[in-house]
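Asks: Model the structure of this input:
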Amino acid sequence: MKSSENLALELASVIEEMASRLEGIAGLLKKERRLIGGGDYLALQNAIKELERSASDFLSLEGNRDRLAREISALLHCEPKISALASCTDEAEAAALLEAAKKLQSSMAVLKSELDITSRLLDESKRYGEMILSQLSSLAGGGTFSIQG
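Replies: Okay, the predicted model is just below:
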């Protein structure tokens, strides 16, 4: 059986990997935005699939994080939250956990920003498409031109 110190360091490592994966997902969102207007739909489809895989990998890491946090909290009799775990572990493990949590929080902020940008772009694209369709529709039904003369 692993000690709480080893588990805490393993948890810090998992959290750092989660932060790294979020940064990768943010990069994929930037790549998708570049591809949306470029017309390379195969590359866009591949980027979307890669994003789905990355999200799945992240969720797997989240499951590991949750399992480790619960395991440590059971050993140390504290809540499975980083702040509680850090207060129950030695200084080195606490520092590793808090640093990893800080990296994850920063990566989450970057991802949120990228998601917001992508969401606004897609909303604007939708409105633009609707505007063009509306104009085409009015041109098709509202002019004096007739094929019959």
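Asks: can we go C-alpha only for contacts and neighbour counts from here?
Replies: Fine.
Asks: Low-confidence regions, this protein specifically.
Replies: Filtered on pLDDT under 70, the chain yields the residue ranges 1, 141-149.
Asks: hey, which helix is longest across it?
Replies: When the chain is parsed with DSSP state H, its longest helix is helix 91-142.
Asks: show me what contacts residue 101?
Replies: Counting by Cα atoms under 8 Å, 6 or more residues apart in numbering, residue 101 makes contact with 12, 15, 16, 82.
Asks: quick check: angle from the helix or strand hosting residue 32 to helix 91-142?
Replies: Per DSSP states H and E, residue 32 falls inside helix 4-36. Per axes from the mean of the first three to the mean of the last three Cα atoms, to 10 degrees, the angle that helix 4-36 makes with helix 91-142 is 20 degrees.
Asks: what's the following helix or strand after helix 4-36?
Replies: Downstream of helix 4-36, the first helix or strand assigned by DSSP H and E is helix 41-76.
Asks: Tell me which other helices or strands that following helix touches.
Replies: In terms of contacts (3 or more Cα pairs under 8 Å, 6 or more residues apart in numbering; DSSP states H and E), helix 41-76 is packed against helix 4-36, helix 82-88.
Asks: quick check: angle from that helix to helix 4-36?
Replies: Using the same axes, to 10 degrees, the interaxial angle of helix 41-76 with respect to helix 4-36 works out to 160 degrees.
Asks: What are the buried residues along helix 41-76?
Replies: Using 16 or more other Cα atoms under 10 Å as the test for burial, helix 41-76 gives 44, 47-48, 51, 54-55, 58, 61, 64-65, 68-73.
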